[in-house]
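>>> make a model of this:
(2 chains)
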Amino acid sequence: MNALAGRGVTHDPQTPSLQMVGVSVAYAAGLQDVSVNGVGGNGRVYALQHVNFSAQRGERIAVVGPNGAGKSTLFKLIVGTVRPSEGQVNIFGHGPDGHICIGYVPQRNEIDWSFPVTVEDVVMMGRVGQIGLFRWPRRADWDVVRQSLARVEATHLARKQIGELSGGQQQRVFIARALAQEAELLLLDEPLNGLDLPSQQAIFDILDGLRPDGVTVLVATHDLQLAADRFDKIMLLNRRVVAFAGPTAVLTPDNLLQAYGGHVHVLPGAEQGILVDDCCGHDEFQVISEK
Amino acid sequence: MNLLLDPLQYSFIVRALVAAVLVGIVCSVLGTYVVLRGMAFFGDALAHTILPGVVIAFLLGWPLAVGALVMGVFTAVGIGALSSRGVVKEDTAIGVIFAGAFALGVALLSATGNYTVDLAHFLFGNLLGVTVGDLWTTAVLGLVVLLIIFFFYKEFMVISFDPVLATTLRLPATFLRYLLLVLIAVTIVVSLQVVGIALMVAMLVTPAAAASLLTRRLTPMMFIAAVIGAFSGAAGLYTSYYLDIASGPAVVLVATAIFALAYLFAPERGLLWRRN
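I've put the predicted structure just below:
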């Protein structure tokens, strides 16, 4: 219960902000609809297997992979709603439990937009951990809310009900909530889906602004082009980490073939291109040109 | 004016009025969460599962509230536990327990002499039979419910709006969820005499649903729901007095009428507002 009274864990700046050591997540027995490459040696079926990686402060990482690759499971592990069957998840050197510094921006379809809360109410929810039980928001908390809204340029939206916002505004408000939470590790689940280019740009501008604060950002996305253009590192996931490095090292035909299997078509030609049919329900092909 | 004051010369009407208003407030405030969390079916089921507890208390000569409270808390936690294991879907778990317990209650009651009258009181309330002792029980338990909602306001808001945020904030989400279930159970017990088991869900859901059409913020929604609930209680009692109809259904009908008005005329969201 001490986490309710204030910040649970203090951070050593030297430790990686996020580290996974030999992490596997097994499905509950008897779950249907699993592909062959998810079957472990002992007959167990894994959503994720042998995941090892670490992320440093201030890094911006794109998590890409086909549907069912384990992107959400990876995020749930970090948030702490899913426990690893094997291995260890460390956030600033400790298990996820004590931390209230993990900001999670959910997919838009996970939120009830008719819920009777205004934008500033939502951002204030990020402060609930710091405020603590049996206490009410103080002036300092409202100051943090105002600053957070200002940082995502949503001050003018403060009193709107959340359902009145556009998709891009909704994403920005939830990022503001993570800022109010003083998140040092920020997870965004498909934040760019369905946003127009200016809205996407606005979100990247905000993420750029977080870099000096050393906030580590993980973004799950289907968009390989954006991943290649706008991120420090890409984690290519398909129930295991296929590759985790800078974009050029990760987005090779070999790696993509491993991650996407039959859905990748390597086009021969002078300027080599790769087609990825990532079967995410969009019915669209992505073309990655090799530079 | 006499229209309002005349009935109050009977002390049983005064007691009924106080009970109806108190219950209207407590049900509606808690009902805000029932509506927002989509727990209407759960509330309805919980009310029905309380019947065997009430009947056993009744047969043993105990205070009805004791039997109802034990049974209510027991089933609230039971349904929560049964569905959280993931073996049975929640609405299926609720359906099984709800029908089984209700059948047990009716079966127990059918073994006694005054079966139909007693059953009617349990099912539809017995507002005019409220005693001073009942009022005290209602007031104390109702106050406890309101205080808990007040003290856990922001935590309940977070677990209702975004359970994942509750996890990242390390809120005791499981505890809070069960606390909410227990509050619903207690509220149902408190309201038993006013509207009865069969109409309980209306008091939990209808005023809050009407309020949700009239505001876009949680705190005002609770206040508006409370006003609608209190008004429904009072107006329903007077309607029942003058039209000589059963009091529980009268209270529910007033609340339903208010919902209908809100549905039609609510600014921006009402049916007629949109047409124009």
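
>>> just the helices from chain B, written as ranges.
Assigned by DSSP state H, chain B shows helices spanning B:2-5, B:11-36, B:40-49, B:51-60, B:64-84, B:90-110, B:115-124, B:132-151, B:153-161, B:163-168, B:173-212, B:218-243, B:247-265, B:271-275.

>>> what about residue A:53, distance to chain B?
21 Å (CB to the nearest CB, to the nearest Å). Every residue, glycine included, has its C-beta placed from N, CA and C.

>>> got the contact list for that residue?
Contacts for residue A:53 were tallied using CB atoms under 8 Å, 6 or more residues apart in numbering or on different chains; they are A:19, A:20, A:235, A:241, A:244.

>>> narrow the residues you listed to those in strands?
A:19, A:20, A:235, A:241, A:244 (DSSP state E).

>>> what number of residues lie near residue B:123?
By other CB atoms under 10 Å in any protein chain shown, 18 other residues sit near residue B:123.

>>> over to residue B:112?
Number of residues near residue B:112 (other CB under 10 Å) recorded here: 12.

>>> ok so, going back, drop anything exposed from the ones in strands among the contacts of residue A:53.
When the ones in strands among the contacts of residue A:53 are checked for burial by 16 or more other CB atoms under 10 Å in any protein chain shown, the buried set is A:19, A:20, A:235, A:241, A:244.

>>> quick check: closest non-adjacent residue to the second one.
Right, the one you point to is residue A:20. Closest residue to residue A:20 apart from its sequence neighbours, by CB to CB, 6 or more residues apart in numbering or on different chains: residue A:51 at 4.9 Å.

>>> for the one you found, helix, strand, or coil?
strand (DSSP: H, G, I helix; E, B strand; the rest coil).

>>> can you pull the contacts of residue A:174?
Applying CB under 8 Å, 6+ apart to residue A:174 gives the contacts A:105, A:106, A:122.

>>> now the helices of chain B as TSV including mean pLDDT and distance to residue A:208?
Converted to TSV, the helices of chain B look like this (pLDDT from 0 to 100; distance: least, CB to CB, whole Å):
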stretch	mean pLDDT	distance to residue A:208
helix B:2-5	84	66
helix B:11-36	95	36
helix B:40-49	90	45
helix B:51-60	88	60
helix B:64-84	80	42
helix B:90-110	88	43
helix B:115-124	83	63
helix B:132-151	94	41
helix B:153-161	96	29
helix B:163-168	92	23
helix B:173-212	91	33
helix B:218-243	96	34
helix B:247-265	95	46
helix B:271-275	74	42
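
>>> want to try a markdown table for the ones you listed, with distance to chain A as columns?
Shown next, in a markdown table, are the helices of chain B (distance: least, CB to the nearest CB, whole Å):
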| stretch | distance to chain A |
| --- | --- |
| helix B:2-5 | 33 |
| helix B:11-36 | 6 |
| helix B:40-49 | 15 |
| helix B:51-60 | 32 |
| helix B:64-84 | 14 |
| helix B:90-110 | 17 |
| helix B:115-124 | 32 |
| helix B:132-151 | 6 |
| helix B:153-161 | 5 |
| helix B:163-168 | 5 |
| helix B:173-212 | 6 |
| helix B:218-243 | 5 |
| helix B:247-265 | 14 |
| helix B:271-275 | 15 |
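
>>> re the thing from before, what's the burial count for the residue nearest to residue A:20?
A count of neighbours around residue A:51, defined by other CB under 10 Å, yields 26.

>>> report the beta-bridge partners for it.
Beta-bridge partners recorded for residue A:51 (DSSP bridges): residue A:23.

>>> quick one: it and residue A:240 touch, right?
Yes. With contacts defined as CB atoms under 8 Å, residue A:51 counts as touching residue A:240 at a distance of 6.6 Å.

>>> leaving out chain neighbours, which residue sits closest to residue B:187?
Leaving aside its sequence neighbours, residue B:187 sits nearest to residue B:30 (CB to CB, 6+ apart; 5.1 Å).

>>> and the one you found, how many neighbours does it have?
Neighbourhood size, residue B:30 [other CB under 10 Å]: 29.
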